[in-house]
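> I would like the atomic coordinates for the input below:
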Amino acid sequence: MFDPKEFTIRIASAKQAEEHAKACFEIPYWRVGMSFEQFLEFGYKESQASWAKDNGMLTWVLVRKDDYDGQVYSLLETHRKKGFVKPKNGGQVENGYWYNITAVVTPIRHRGNGYATHLLRLLHYVLLSPSSPGNPPSHIPPFPRHEWGTPPPAVPSDLIEAIPSPCASVLWSDVPTQFYEGCTIGLTGKGYEYRKEWNSRLVFDLDLSGPDMDENSSNGDGWEMIYQKDLEEITSILTSSTKTHLSKLDTSSKPLWTHDPSTAGSLTFIGTRGSFIIPSPRWKDPSRELPLGVRLRPRDGEKGGDIIILIALENFLVEQRLLLTYIHNLLPARVPSLLKMLESVVKETGAPWTQGEIWGFNPADEWVAALAKENGRGVKIDTRDGIRSHVLGVCNYLEGEGEMVDHQMWSWV
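Numbers count the residues shown, from 1 in each chain. Prediction:
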């Protein structure tokens, strides 16, 4: 029988990290048709990506206290993200951090014993106080020594700076949400909270039968494609807009926080990670760069700034659709030409997608109604829920019940 007093959490050694890859490969859904050797190469490419630099991606394992370097019982990854935080009753937006948690897995031989739950419960304390996990901030429930034994040891000193104390940790669940709701902070704190309004999903049909439209088409409103060379400017626009938007929100009842678009690799994470799959899809021309999105600059006298739509033509484990990962400043009048532009992108690249998918939008937004009114689009709006649905859950660490503001797909890992 599982006794939490006998187990602790640590950053995986090189050998223990290999066990994570093996345990992930045990899940057929996560393999996406790759052999084990290809799966390892996929993992290596991810370890070299921009979001993994400076220990931005770490593997954590649950081990026995008396076998610290030995067998692992459950494993996960954290991705460090930059954020913006507006404190309760505060007027100034502050810089902060948060963590995406992914690839939570227990080796088949150890499943059903509560190991993953305990790993996540311990992780809260290490993230909040890596140099002394048994001494969390005063508003956090105390570490339950009587029930869980001695707290985890301090993170190695050379990694302390890589684990700044966060405002929250986030999960995109592919299993019933009750599991992560039980991964509480101590005995009295909350686990991961899920809300329907955070998990909106819109799927629409693409019409690929019409004429192609490019950036110079007279009916195109002037849409431009976004490529890697444009990303620095796009990042600057979105970062400034995100911070400004947060500064205007009311925090009289609770603090608010959001993802900082300048986080390395975040804006293009889904498409970049999808490109690591081996082999590449047959439709992809390796000699041509795939666009990262489309952009419409404001006309003379038009208010509101640039419209920016980021997309992922490739993805790992989301859906076999054109993914609209980030929607910024979309006006309802621009929806028809946007759809034509996106369809031209799909046809020009040879991608096989016949539908588009959007997450984390406000159903009351005017562009949603405009899209729903488009003939032949078969718009379906629902809530992501259940197995393999990537249901967004948040465990907030801010004093005063903080809340995440932006729930769009670009934040997924």
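> next one: the longest helix seen in the chain to chain centre, how far?
Counting residues, the longest helix found in the chain (DSSP state H) is helix 231-247. Counting by Cα atoms, centre = their mean, to the nearest Å, helix 231-247 is centred 18 Å from the centre of its parent chain.
> can I get it in CSV, CA atoms only?
Output in CSV follows, covering the C-alpha atoms of helix 231-247 (Å, rounded to 0.1, in the frame of the first residue of the first chain):
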residue,chain,number,x,y,z
LEU,A,231,7.9,37.1,-35.5
GLU,A,232,10.0,39.7,-33.6
GLU,A,233,7.6,42.5,-34.6
ILE,A,234,4.5,40.4,-34.1
THR,A,235,5.7,39.4,-30.6
SER,A,236,6.3,43.0,-29.7
ILE,A,237,2.8,44.0,-30.8
LEU,A,238,1.1,41.2,-28.9
THR,A,239,3.2,41.6,-25.8
SER,A,240,2.4,45.3,-25.6
SER,A,241,-1.3,44.7,-26.3
THR,A,242,-1.5,42.0,-23.7
LYS,A,243,0.1,44.1,-21.0
THR,A,244,-2.1,47.1,-21.8
HIS,A,245,-5.3,44.9,-21.8
LEU,A,246,-4.4,43.5,-18.4
SER,A,247,-3.7,47.0,-16.9
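> got a list of contacts for it?
84, 86, 91, 93, 226, 256-262, 267-268, 292-293, 295, 305-306, 308, 310, 326, 328-329, 405-406 (Cβ atoms under 8 Å, 6 or more residues apart in numbering). (C-beta placed from N, C-alpha, C; glycine too.)
> could you do stretch 9-25 as well?
With Cβ under 8 Å, 6+ apart, stretch 9-25 has contacts from 30-31, 36, 39-40, 43, 58-63, 68-69, 72, 75, 77, 103, 105-108, 119, 122-123, 126, 152-153, 155-156, 159.
> hmm, back to that, please flag which of the contacts of helix 231-247 sit within strands.
Those of the contacts of helix 231-247 mapping onto strands are 84, 86, 226, 256-259, 293, 295, 308, 310, 326, 328, per DSSP state E.
> quick one, which of these are buried?
Neighbour counting with 16 or more other Cβ atoms under 10 Å marks 84, 86, 226, 256-259, 293, 295, 308, 310, 326, 328 as buried within the ones in strands among the contacts of helix 231-247.
> shaky segments in the stretch 301-413 of the chain?
Residues of the stretch 301-413 of the chain that meet the criterion pLDDT under 70 lie in 301.
> quick one: the helices in it?
335-349, 366-373 (DSSP state H, counting those that start in this stretch).
> which of the ones you listed sits most buried?
Across the helices of the stretch 301-413 of the chain, averaging neighbours per residue (mean count of other Cβ atoms under 10 Å) puts helix 335-349 on top, at a mean of 20.
> by contact count, what packs against that one?
Packing partners of helix 335-349 (3 or more Cβ pairs under 8 Å, 6 or more residues apart in numbering; DSSP states H and E): strand 293-296, strand 307-312, strand 322-328, helix 366-373.
> which one of those lies closest to Cys167?
Nearest to Cys167 among the helices and strands packed on helix 335-349 is strand 322-328; the distance by Cβ to Cβ comes to 20.7 Å.
> distance from the closest one to the middle of the chain?
For strand 322-328 - counting by Cα atoms, centre = their mean - the centre lies 13 Å from the chain centre.
> who are the packing partners of that strand?
Checking 3+ Cβ pairs under 8 Å, 6+ apart, strand 322-328 ends up next to helix 231-247, helix 269-274, strand 307-312, helix 335-349, strand 355-359.
> what's the angle from that strand to strand 307-312?
Put simply, strand 322-328 runs at 150 degrees to strand 307-312, going by axes from the mean of the first three to the mean of the last three Cα atoms, to 10 degrees.
> tell me what angle strand 322-328 forms with strand 355-359.
40 degrees.
> sketch out the low-pLDDT regions of the chain for me.
Using pLDDT under 70, the flagged stretches of the chain are 212-220, 301.
> work out for me the element Gly96 sits within.
strand 94-105 (DSSP states H and E).
> sheet partners, orientation included, of that strand?
strand 72-86 (antiparallel), strand 168-173 (parallel) (DSSP bridges).
> tell me the helix or strand right after the last one.
Read it as strand 168-173. Next along from strand 168-173, by DSSP H and E: helix 178-181.
> for that following helix, name the packing helices and strands.
Under the contact rule (3+ Cβ pairs under 8 Å, 6+ apart), helix 178-181 is packed against helix 115-128, strand 168-173, strand 193-194.
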